[in-house]
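S.K.: give me coordinates for this.
(one chain, ligands or ions: 1)
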Amino acid sequence: MTEAGSSAQPRAALPIEQLRAQFPALSQQINGQPLIYLDNAATVQKPRCVLDAVLRCYTESCANVHRGAHTLAERASEGYERARGAVQRLLHAASAQEIVFTSGCTAAINLVANGWGNRHVGSGDEILVTGLEHHSNLLPWQELCRRRGATLRSVPLDPQGQLDLQSYERLLGPRTRLVAVAHVSNALGTLNPIAELARRAHAAGALILVDGAQAVARCPVNVAELGSDFYTFSAHKLYAPFGLGVLHARAELLSDMEPLVTGGGMVELVEAERASYTAPPGRFEAGTPNLSAALGLERAILWLQALGLERVQAHEQDLLGYAREQLAALPGVRLLGGGPALGVVSLMVGSVHAHDVSTVLDRSGIAVRAGHHCAQPVMRHFGVPATVRASFAVYNTRAEIDALARGLERVREIFGG
Ligand code: PLP
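M.R.: Numbering: from 1, shown residues only. Here you go, the predicted structure:
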């Protein structure tokens, strides 16, 4: 058997059993079977240390950030800024002041589309997206173009679901103001060549926003090396709580953006009829911030860095290679996409609807996503309404992929075809 064909974990692998024991959710039984959680592109399970950090926030530092001088308030403010520093180091950003906390990746992209787009995109300008985008990195640009009289263009995909780079070059023009592209596709796992895309965008005089929602927990990210101008992600896909997202933007871009939300916590001087705003990132963080999620994110980042993002990436590459090989060999199973990818396989079982596949798998305790994955243009590209998506995280194993393969065989036995 080849290395990819063995169900044993490769050497120098993550300490999987020890690691799995840190996730309380993974010890559940679902429908009488041990949970096999393969819906990690939607959200990942959280390790005990992150849950503890959230609890500790409420027991030891439950106060409002940047709004008091008492001890708890100082603890809260320090913790929040420490979390910002952890994100800076995760992304290798030049300064913690380049990190804006939002409510999620969607909110971060909308902040750029409005806060930057309203000022810098006008009639006749162009925004370039790709056929791979999650709706959260498509609809904000559609809306921006509608508001500003700009034109939205989209880079087509090749039959493997990779970006057609010749079309990309052709579509980049003197009116292109910004390229918005996923680092890793949530629907197919396609890993885009961001540094190359950024180089070409900059040569054409455009900026580039990278939607890192599916990448940050799967590979090392260095925004300076990638050359991204804006980089966004959601904490909940990085082993951290819901309700928090991140926008990284180069300092000079942030200082030339409008706040999308105004209110408490983002002002210098307020009079009855006018106000002046604080410098970024505070300018973009009006209202009480999500301290518990920020402290959870800080903990998750430290935890992930202790595991080593290179090792995490190697583990996920191994799982993906193994899954592609095992699942493609099953009669009636069609994998969508191919080429460089990370963390995700998307498939069809004959003509069985994805929801039926998912329901059968759930009876065996296997959680996958069925649907269009908020990426309808990708589905249209492959001429399917929906797919079954299995997506991986640090705690998944080859044995779980074997169980998925057996589950898919059962689907064929039940539905035929
Ligand atoms: N971009 C990608 C690639 C995603 O996978 C997701 C979520 O699935 C998002 C953006 C939106 O993230 P959120 O819903 O956490 O804002």
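S.K.: and the protein, which residues reach the ligand?
M.R.: 41, 104-106, 134, 136-137, 182, 186, 211, 213-214, 234, 245 (Cβ under 6 Å from any ligand atom). Heads up, the C-betas are built off the backbone N, CA and C, glycines and all.
S.K.: apply 8 Å and report the result again.
M.R.: Proximity of the chain to the ligand, by Cβ under 8 Å from any ligand atom, involves residues 41-43, 103-109, 133-134, 136-137, 182-186, 211, 213-214, 232, 234, 236-237, 242, 245, 373-374.
S.K.: selecting buried members of the residues you listed in ChimeraX, what would you type?
M.R.: Listed next is the ChimeraX selection for buried residues among the residues of the chain next to the ligand, using 16 or more other Cβ atoms under 10 Å:
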select :41,42,43,103,104,105,106,107,108,109,133,134,136,137,182,183,184,185,186,211,213,214,232,234,236,237,245,373,374
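S.K.: out of the residues of the chain next to the ligand, which sit inside helices?
M.R.: 105, 106, 107, 108, 109 (DSSP state H).
S.K.: in which helix or strand would I find residue 58?
M.R.: helix 48-60 (DSSP states H and E).
S.K.: just the CA coordinates for that helix, please, in PDB.
M.R.: Once non-C-alpha atoms are left out, helix 48-60 reads as follows in PDB (Å, rounded to 0.1, in the frame of the first residue of the first chain):
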ATOM      1  CA  ARG A  48     -11.000  22.900  26.600                       C
ATOM      2  CA  CYS A  49      -8.400  25.700  27.000                       C
ATOM      3  CA  VAL A  50     -10.500  28.000  24.900                       C
ATOM      4  CA  LEU A  51     -13.700  27.100  26.800                       C
ATOM      5  CA  ASP A  52     -11.800  27.800  30.000                       C
ATOM      6  CA  ALA A  53     -10.600  31.200  28.800                       C
ATOM      7  CA  VAL A  54     -14.200  32.200  28.000                       C
ATOM      8  CA  LEU A  55     -15.300  31.100  31.500                       C
ATOM      9  CA  ARG A  56     -12.400  32.900  33.100                       C
ATOM     10  CA  CYS A  57     -13.400  36.000  31.300                       C
ATOM     11  CA  TYR A  58     -16.700  36.000  33.000                       C
ATOM     12  CA  THR A  59     -15.400  34.900  36.400                       C
ATOM     13  CA  GLU A  60     -12.300  37.100  36.600                       C
END
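S.K.: let's number from 387 now, not from 1
M.R.: Taking 387 as the first residue, the last one we looked at is helix 434-446.
S.K.: now do the strands in the stretch 437-586 of the chain.
M.R.: 485-488, 512-516, 537-541, 562-568 (DSSP state E, counting those that start in this stretch).
S.K.: so which of those strands is nearest residue 779?
M.R.: strand 562-568 (18.1 Å; Cβ to Cβ).
S.K.: kindly export the closest one (C-alpha atoms) in PDB.
M.R.: As requested, the backbone C-alpha atoms of strand 562-568 are provided in PDB (Å, rounded to 0.1, in the frame of the first residue of the first chain):
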ATOM      1  CA  THR A 562      -9.600  47.600 -11.500                       C
ATOM      2  CA  ARG A 563      -9.600  49.100  -8.000                       C
ATOM      3  CA  LEU A 564      -9.600  45.900  -6.000                       C
ATOM      4  CA  VAL A 565      -9.400  42.100  -6.300                       C
ATOM      5  CA  ALA A 566     -11.400  40.100  -3.700                       C
ATOM      6  CA  VAL A 567     -10.400  36.400  -3.500                       C
ATOM      7  CA  ALA A 568     -10.600  33.500  -1.100                       C
END
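S.K.: name every strand pairing with it and say which way it goes.
M.R.: strand 512-516 (parallel), strand 593-597 (parallel) (DSSP bridges).
S.K.: output these as a markdown table; include the columns distance to residue 688.
M.R.: Output for these, formatted as a markdown table (distance: least, Cβ to Cβ, whole Å):
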| stretch | distance to residue 688 |
| --- | --- |
| strand 512-516 | 33 |
| strand 593-597 | 23 |
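S.K.: now tabulate the ones you listed in a markdown table and tack on mean pLDDT.
M.R.: Below are those laid out as a markdown table (pLDDT from 0 to 100):
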| stretch | mean pLDDT |
| --- | --- |
| strand 512-516 | 98 |
| strand 593-597 | 98 |
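S.K.: can you say which of the ones you listed is nearest to residue 467?
M.R.: For the strands paired with strand 562-568, proximity to residue 467 was assessed by Cβ to Cβ; strand 593-597 is nearest, at 24.5 Å.
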